[in-house]
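K.L.:
Mind looking at a prediction? Sequence and model below.
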Amino acid sequence: GEDVEQSLFLSVREGDSSVINCTYTDSSSTYLYWYKQEPGAGLQLLTYIFSNMDMKQDQRLTVLLNKKDKHLSLRIADTQTGDSAIYFCAEGQDSNYQLIWGAGTKLIIKP
Amino acid sequence: KAGVTQTPRYLIKTRGQQVTLSCSPISGHRSVSWYQQTPGQGLQFLFEYFSETQRNKGNFPGRFSGRQFSNSRSEMNVSTLELGDSALYLCASSLTSGQFSMNTEAFFGQGTRLTVV
């Protein structure tokens, strides 16, 4: 199938690291994306990774890609209250030029 | 430059009615995609328009239709509304369509929240 799967919720303490996981289906997808949706807002691109990369780091964000297992993760270091949002994983399927989206993981920050 | 603008922000309709939602993409963007977002279901792809042509279509019934105008603005229409159509409808614009690249970023509007009663 075409499902991209994510856990629906993740709860972490402020200051800890958050790790949001995603599994995708199409091994031929060349780009994988993480989008962030804050309350009442549209989605905003956070970062992306090209399929021939294992890791990409951008300030507090680290994306890890395990292409063999079709597993993608987003690590947010030193999680802050402003990181509270829903995080969507998406794969860009080259076969039909569609973005296939996960259901989103709601990140809850505990004080 | 202005972002993606969706109107209206909120709508309440009754079952059986029809509704038209509007999306103005970022200036210069020719691709417009529509998504339905419901809690726990994530984003369900409706369709994509590029240069006034529908390029891709998701698995939605024929009650859902769309179009794109020469200025790239797009409308989405839902006829014979059902309670299950209540959702946040998001529009995304991007510069190009087709092959993905690091430049294929989708810019989203704030959405139109449709409630069917």
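P.N.:
Received, thanks. Residues are numbered from 1 along each chain as shown, chains lettered A, B, ... in the order given.

K.L.:
Now do the strands in the chain.
P.N.:
No chain was given, so I picked chain A. Along chain A, the segments classed as strands by DSSP state E run A:5-6, A:9-13, A:18-23, A:31-37, A:43-50, A:55-58, A:61-66, A:71-76, A:85-93, A:98-101, A:105-110.

K.L.:
Not quite, go with chain B.
P.N.:
B:5-7, B:10-13, B:19-24, B:31-38, B:42-50, B:53-57, B:64-68, B:74-78, B:87-94, B:107-108, B:112-116.

K.L.:
what bridges to the closest residue to residue A:5 other than its chain neighbours?
P.N.:
Nearest residue to residue A:5, sequence neighbours excluded (Cβ to Cβ, 6 or more residues apart in numbering or on different chains): residue A:23, at 4.9 Å. Every residue, glycine included, has its C-beta placed from N, CA and C. Beta bridges link residue A:23 to residue A:5, residue A:71, judged by DSSP bridges.

K.L.:
Residue A:23 and residue A:111: what is the separation?
P.N.:
According to Cβ to Cβ, to the nearest Å, residue A:23 stands 31 Å off from residue A:111.

K.L.:
same thing with residue A:19?
P.N.:
20 Å.

K.L.:
more neighbours, those two?
P.N.:
residue A:19 (13 against 6; other Cβ atoms under 10 Å in any protein chain shown).

K.L.:
what about the more buried one, distance to chain B?
P.N.:
Distance of residue A:19 to chain B, given as Cβ to the nearest Cβ, to the nearest Å: 19 Å.

K.L.:
what residues does the helix or strand bottoming out on mean pLDDT in chain A touch?
P.N.:
Ranked by mean pLDDT, DSSP states H and E, the weakest helix or strand in chain A is strand A:98-101, scoring a mean of 82. Residues from elsewhere that reach strand A:98-101 (Cβ atoms under 8 Å, 6 or more residues apart in numbering or on different chains): A:2-4, A:24-26, A:33, A:88-93, B:33, B:35, B:42-45, B:48, B:56, B:106.

K.L.:
please redo it, this time with the cut-off set to 10 Å
P.N.:
The set of residues external to strand A:98-101 that reach it, using Cβ atoms under 10 Å, 6 or more residues apart in numbering or on different chains, is A:1-4, A:6, A:24-26, A:29, A:31, A:33, A:35, A:43, A:88-93, B:33, B:35, B:37, B:41-45, B:48, B:55-58, B:92, B:94, B:100, B:104, B:106.

K.L.:
Just the buried ones among those, please.
P.N.:
Neighbour-count burial (16 or more other Cβ atoms under 10 Å in any protein chain shown) is assigned, among the contacts of strand A:98-101, to A:4, A:6, A:24, A:26, A:29, A:31, A:33, A:35, A:43, A:88-93, B:33, B:35, B:37, B:42-45, B:48, B:55-56, B:58, B:92, B:94, B:100, B:104, B:106.
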